[in-house]
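Student: Sequence first, predicted coordinates after that:
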Amino acid sequence: MPLYSDKSEDLRLRALARHELLDSGAEAAFDAMTFAATRMCGAQIGLISLVDHQRQWFKSAVGLEQGSETPREHAFCAHAIEDPDSILEVRDATLDARFANNPLVTGDPNIRFYAGVPVKSSDGLALGTLCVINRKPGALSDEQRQALTVLGRGVEALFAERMQHLQARQRLATLYLDTPALLYLLDGTGAIIEVSHFWRNHLGYHPAEVIGRNAREFMTLSSRKEFLRVRETFWARGGCLDYPCQFVKKNGEVIDTLMSASIECDNLGRPERVRCVLVDVTHQVRLQRELEQLSRTDELTGIANRGWFRKLAGDQLHAARISDKPLSLVTFDVDYFKRLNDRFGHAQGDLVLSALAAQTTRLIDDDQVVGRIGGDEFSVLLPGVSELDALLFAEKLRLQAGTGPRLAGTGGPDDGQPGSPRPIPKPIWLRAVRTNGPGPVLRQEAGRNQAVVWKGTLGWGDAATDAAPIKASTEKGRALSGEPVFPC
């Protein structure tokens, strides 16, 4: 049987494969063409057949009760595609030497009449035929031949439309895979179907380590828990926009991302696909954290600055009033600090302040805060700490304050006299914050170098954000704040 040359046949088979028609599901548009051809030609059977390397497969069939393919060597259509521009018409197969002994003629479906118009790809390669078959000899009228030809062009238009769709999908897939963005596709259960090359390269995973696994497995534990908490909202809204979550690279590095996702549902409204895009904002998040930290931190000592401490103090005071739990505040400063700066220089003064801040930081727990309120003024918030325990803390801090750094360029015994190599023990005054009204105010005559309890109100008001206590401590002297003595 003469066929395409090896080279052209290879091109034809490649074109057939590109259309992704073989073994595809039934489609109404193709079935409509087959039905119309059968009716117009008065035929018992109508087919759209595709000729593969070893078989002909029926994309659409009318009047054929069983079987979706036949071997290629038995296919009438294999002969029809030899001349892509003409209809092959066999009026009586029993009288045609090419087909007389064909099993499809001598047995079921007992073909006698066959007429097939080749259906081609957009580049002119015959992929198969639109054909009509009868179990008795016959012939097409001119009108029927014309109708079959027109319907054949209609099938070719469906081929072309399919290719356009496939090419668009391929372009999208290429864009999806090759785009410099963190993209991934999930099924309805959250398992990863596909990820962009950039996603894999950026996170450092091999495809085999990603495909089939749930996307949550690549999130940090905290992000995973948070996503599970909002999952119902995610499905109900059909996705999310700029949802913050953290992912873990293969090397263990955590990245901050903003995730946007769109859920695609099937005909029953069940989630079928989830398309996600991640934007790596690690640098921006870290920069913002650094800026926030700078805005909250005292540049010299590294502890909370005045504004941030006031904010935290206000929050803690509000919480203490609601919960009726104790809240204590220790406030202290360095006495004669100006003299220290004048005698030893500001660099040495800064050293003292930094050392005092470091000593205090080592004494506090994670839920406690130390802040630099003024030049040499410090405060410590002690949420949940009783008056007695706060007093003990203040006493411990007072005693440890005497172990500060040796001042460069000084000498003499460590006796608290001018020229002493380190500060002597410093008095620290304790403020036990009350929420049930004012108490007695300690007077200045209480002296220095001791920890005492002040039972007055803070004067911060309902907002608990003004600086009245700090201001009062500087205006009213040691009645409201203890000043560690540094004699100079």
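Tutor: Happy to help now that I have it.
Student: so what secondary structure elements neighbour the lengthiest helix in the chain?
Tutor: In the chain, with assignment by DSSP state H, the single longest helix is helix 142-178. Applying 3 or more CB pairs under 8 Å, 6 or more residues apart in numbering; DSSP states H and E, one finds that helix 142-178 contacts helix 28-40, strand 113-120, strand 126-134, helix 197-203. Glycine gets a C-beta too; all of them are placed from N, C-alpha and C.
Student: ok, whichever helix or strand comes after it: who's next to it in the sheet?
Tutor: Counting by DSSP states H and E, the next helix or strand C-terminal to helix 142-178 is strand 182-187. Using DSSP bridges, the strands paired with strand 182-187 are strand 192-195 (antiparallel), strand 271-280 (antiparallel).
Student: Could you point out which of those strands sits nearest residue 105?
Tutor: Smallest distance to residue 105 across the strands paired with strand 182-187 (CB to CB): 46.6 Å, for strand 271-280.
Student: Now do that closest one and helix 142-178, the angle between them.
Tutor: Here strand 271-280 points in a direction 40 degrees away from that of helix 142-178 (axes from the mean of the first three to the mean of the last three CA atoms, to 10 degrees).
Student: Moving C-terminal from strand 271-280, which element do we reach first?
Tutor: Scanning onward from strand 271-280 (DSSP H and E), the first element met is helix 282-296.
Student: hmm, who's touching that following helix?
Tutor: By CB atoms under 8 Å, 6 or more residues apart in numbering, the residues outside helix 282-296 that reach it are 255-257, 304-305, 307-308.
Student: For the residues you listed, which entry has the maximal number of neighbours?
Tutor: residue 304 (24 neighbours; other CB atoms under 10 Å).
Student: who does it bridge with?
Tutor: With DSSP bridges as the rule, residue 304 is bridged to residue 297, residue 371.
Student: rewinding a little: out of the strands paired with strand 182-187, which gets nearest to residue 374?
Tutor: strand 271-280 (41.6 Å).
Student: Pull out the buried residues from the closest one.
Tutor: 271, 274-278, 280 (16 or more other CB atoms under 10 Å).
Student: if we can go back for a sec, which of the helices and strands packed on helix 142-178 is buried the deepest?
Tutor: Most buried of the helices and strands packed on helix 142-178 by mean neighbour count (mean count of other CB atoms under 10 Å) is strand 126-134; its value is a mean of 28.
Student: what separates residue 324 from residue 384, distance-wise?
Tutor: As judged by CB to CB, to the nearest Å, residue 324 and residue 384 stand 11 Å apart.
Student: isn't residue 117 right next to residue 128, touching?
Tutor: No - in this structure, residue 117 is not within contact of residue 128 by CB atoms under 8 Å, at 10.2 Å.
Student: tell me the contacts of residue 188?
Tutor: Taking CB under 8 Å, 6+ apart, one finds 270-274 in contact with residue 188.
Student: about what we covered before: quick one: which of the strands paired with strand 182-187 is nearest residue 53?
Tutor: Among those, strand 192-195 comes nearest to residue 53, with 29.7 Å by CB to CB.
Student: List the contacts of the closest one.
Tutor: 176-177, 183-187, 207, 210-215, 273.
Student: where does the nearest residue to residue 379 once chain neighbours are set aside fall, phi/psi-wise?
Tutor: Spatially, and ignoring its direct neighbours in sequence, residue 379 is nearest to residue 331 (4.4 Å; CB to CB, 6 or more residues apart in numbering). Main-chain dihedrals, residue 331, degrees, to the nearest 10: phi -130, psi 140.
Student: do the same with residue 63
Tutor: phi 80, psi 0.
Student: residues in contact with it?
Tutor: Counted by CB under 8 Å, 6+ apart, residue 63 has contacts 38, 43-46, 133.
Student: Give me the neighbour count for residue 378.
Tutor: Counted with other CB under 10 Å, residue 378 comes out at 27.
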